[in-house]
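> below is the structure, and that's it, no one-letter string:
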């Protein structure tokens, strides 16, 4: 029987590569994106284009309104940091304003529910090592605990069929993720990283800076357009 | 400084009593209800009336559309079981059709995010022993694991301020919950238990049967009206 995976797809490169890895491992892909009130809603259009290229079984976009909760530059009025250099972002001990409270916990909870309904074996999430210098819910130990909790949370698990949480790019550098994505023919031209909602990527927010640096290190041209 | 609690309030007796316990312990109450596509939306009207009586700091109703996910009699087209006796419900080993996949995980995830934004110390949930004969996400061991996960998930926890998950009625019988609620002056006349969305409670679904039995055992008259 074909293994099924729920692949969380933000529209960014990391989750696209995570989904491509799931596909390369033989999973049937059920992509799941969230319209959570993010400023950079453009990433959802990108997610749609990515699944269009990737041959997935289905793609759902759940509307979940995290703006009801607030507390983040991505959903509220806090300022998005810009102009920081790669090393500065990597070394910073402070959790940035773009942190969305409990976002991965909420996303994974929905994925868990959906995995149970679709009888899926695994959930793939594109969380990455660079993020977890800042975001607490991007650390491997967090995902391990989520797994333990999930093993007690669902009817499926109680019946002996665990839903596995997979985070295959977590320990890769951003450059390694790009390289792996190139091998797997991920359509990077449709991926979106910028925290802002502009026509072109801004090129100066943390997310753009890390992306540009990753492509440079990987030795590939970033196929998207930048404002500057 | 006053301790703050997020109290999950469904509109049913158990969560109302849990919130009343939080209040009796000196917490400032921030009530949180979910409009999740449940058939028995009437419980939200009840939640509003309960907080009106209870003096809370605020009450939010988050709209979260679990009907996007499906897989439950409470949000979809599965049949709600009826006509079972109290003993039958208690003894049943089968998880009933009213189980909503990962519901408590999703509710607690939102509560966790909101607790972080409001800088709340605790989350109160009215999960109870009788439910956990059937629902996997109503067992104490599940909540303990959720706590461990939550301790790694948020910025607040990373900064040393854990958000405590509290489930004060979990080991009480339904009758004990009613008695405790009477002591704490919980307005049971506004609470709703029935799984169906009728004008009056049906009196025959599992939830009505357990409630009627609880009031009977506690020696109080259930102040709400029943169809039969």
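That came through fine. In this text, all values refer to a predicted model and were calculated from it rather than measured experimentally. Residues are numbered from 1 along each chain as shown, chains lettered A, B, ... in the order given.

> please count neighbours and contacts with C-alpha atoms only from this point.
OK.

> now the angle from the top helix by length along chain A to helix B:103-118?
Longest helix in chain A by number of residues, with DSSP state H as the criterion: helix A:103-118. Helix A:103-118 runs at 170 degrees relative to helix B:103-118, counting by axes from the mean of the first three to the mean of the last three C-alpha atoms, to 10 degrees.

> residues contacting the helix or strand of chain A with the lowest mean pLDDT, please?
Every helix and strand of chain A was ranked by mean pLDDT, DSSP states H and E. The lowest is helix A:86-91, at a mean of 75. For helix A:86-91, the surrounding residues in contact (C-alpha atoms under 8 Å, 6 or more residues apart in numbering or on different chains) are A:130, A:133, A:206, A:209, A:210, A:213.

> how about stretch A:176-186?
Taking C-alpha under 8 Å, 6+ apart as the rule, stretch A:176-186 contacts A:13-14, A:16-17, A:20-21, A:24, A:50, A:54, A:169, A:188, A:214-215, A:218.

> with stretch A:46-65 instead?
Residues outside stretch A:46-65 that contact it (C-alpha under 8 Å, 6+ apart): A:9-12, A:16, A:20, A:28-37, A:186-187, A:190-192, B:63-65, B:68.

> pull out the buried positions in that stretch.
Buried residues in stretch A:46-65, counted by 16 or more other C-alpha atoms under 10 Å in any protein chain shown: A:46-51, A:54, A:56, A:59, A:61-65.

> redo those as TSV? Include secondary structure and pLDDT.
Shown next, in TSV, are the buried residues of stretch A:46-65 (DSSP: H, G, I helix; E, B strand; the rest coil; pLDDT from 0 to 100):
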residue	secondary structure	pLDDT
A:46	helix	93
A:47	helix	95
A:48	helix	96
A:49	helix	95
A:50	helix	95
A:51	helix	95
A:54	helix	91
A:56	coil	94
A:59	strand	96
A:61	strand	93
A:62	strand	91
A:63	strand	88
A:64	coil	85
A:65	coil	78
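
> what's the closest of those to chain B?
residue A:64 (5.6 Å; C-alpha to the nearest C-alpha).

> and the least confident of the contacts of stretch A:176-186?
For the contacts of stretch A:176-186, the weakest pLDDT value sits at residue A:54, with 91.

> from residue A:48, how far off is that one?
Counting by C-alpha to C-alpha, to the nearest Å, the gap from residue A:54 to residue A:48 is 10 Å.

> wait, isn't residue A:109 in contact with residue B:110?
No: at 9.7 Å, residue A:109 does not count as touching residue B:110 under the criterion of C-alpha atoms under 8 Å.

> so which elements touch the longest helix of chain A?
strand A:4-8, strand A:122-124, helix B:103-118 (3 or more C-alpha pairs under 8 Å, 6 or more residues apart in numbering or on different chains; DSSP states H and E).

> between the contacts of stretch A:176-186, which is nearest chain B?
residue A:169 (18.8 Å).

> burial check on that closest one, number of neighbours?
22 (other C-alpha atoms under 10 Å in any protein chain shown).

> which element is it on?
Secondary structure from DSSP states H and E places residue A:169 outside every helix and strand.

> ranges for the helices of chain A?
Along chain A, counting by DSSP H, helices occupy A:13-24, A:42-54, A:86-91, A:103-118, A:140-153, A:155-158, A:174-183, A:206-218.

> could the ones you listed be laid out in TSV, adding distance to residue A:1?
As requested, these are exported to TSV (distance: least, C-alpha to C-alpha, whole Å):
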stretch	distance to residue A:1
helix A:13-24	15
helix A:42-54	21
helix A:86-91	42
helix A:103-118	14
helix A:140-153	22
helix A:155-158	17
helix A:174-183	27
helix A:206-218	37
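
> need the outlier residue of chain A, farthest from its centre.
Here chain A reaches farthest from its C-alpha mean at residue A:159, the gap being 29.3 Å by C-alpha atoms, centre = their mean.

> and the pLDDT at it?
87.

> could you list the contact residues of chain A toward chain B?
A:62-65, A:68-71, A:95, A:101-103, A:105-106, A:109-110, A:112-114, A:116-117, A:135-137, A:141-142, A:145-146, A:148-149, A:152-155, A:158 (C-alpha under 8 Å from any C-alpha of the partner chain).

> show me what the longest strand along chain A is in contact with.
As assigned by DSSP state E, the longest strand anywhere in chain A is strand A:28-35. Strand A:28-35 is contacted from outside by A:2-10, A:19, A:22-23, A:41, A:44, A:47, A:51, A:56-65, A:107, A:111, using C-alpha under 8 Å, 6+ apart.

> coming back round to it: buried subset of the contacts of stretch A:46-65?
Buried among the contacts of stretch A:46-65 by 16+ other C-alpha under 10 Å: A:9-12, A:16, A:20, A:28-37, A:186-187, A:190-192, B:63-65, B:68.
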